[in-house]
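Visitor: build me a model from this:
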Amino acid sequence: MAVTSNELLNLAVQAADDKKAMNIVALDLKGISLIADYFVICHGNSDTQVQAIATEVRKRAQEAGAQIRGIEGMDSARWVLMDLGDVVVHVFHRDEREYYNIERLWSDAKVVETV
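Guide: Below is the predicted model:
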């Protein structure tokens, strides 16, 4: 049974929250971008925490049977980009999140209230 984009969104948000990710934001990109249905954006306060958040998201997605299309940035742990298909997860180090401010770039997207 395939994982829906809403289930994948909630799974990613819950996994990030369980690893104490900071300022978790979910954006609804439907009708705005062909890249994905949702972006999940969060940050950790250290390289170790960024890696732990990304690892937990990957683990939970795999357990749910979701296909992970790619993960970039795990080695440097400054900005980990995870392509889960309909959901793209951005796990930043705090400094990089402030610098790139991608929420501003996607300001047309609605913020999604997640479980």
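
Visitor: for Ser46, list the residues it contacts.
Guide: Residues in contact with Ser46, defined by C-beta atoms under 8 Å, 6 or more residues apart in numbering, are His93. (Each C-beta comes from the backbone N, C-alpha and C, glycine too.)

Visitor: what pLDDT does it get?
Guide: The model reports Ser46 with a pLDDT of 95.

Visitor: pick out the residue closest to the middle of the protein.
Guide: Centroid-nearest residue in the chain, with C-alpha atoms, centre = their mean: Val89, separated by 2.0 Å.

Visitor: so where's the protein uncertain?
Guide: With pLDDT under 70 as the threshold, the chain has low-confidence stretches at 1, 115.

Visitor: verify the stated contact: Asp28 with Ala109.
Guide: Yes. Contact criterion C-beta atoms under 8 Å: Asp28 and Ala109 qualify, at 5.7 Å.

Visitor: so between these two, which is more surrounded?
Guide: Using other C-beta atoms under 10 Å, the more surrounded residue of Asp28 and Ala109 is Ala109, with 19 against 16.

Visitor: grab the nearest non-local neighbour of Asp47.
Guide: Ala77 (3.9 Å; C-beta to C-beta, 6 or more residues apart in numbering).
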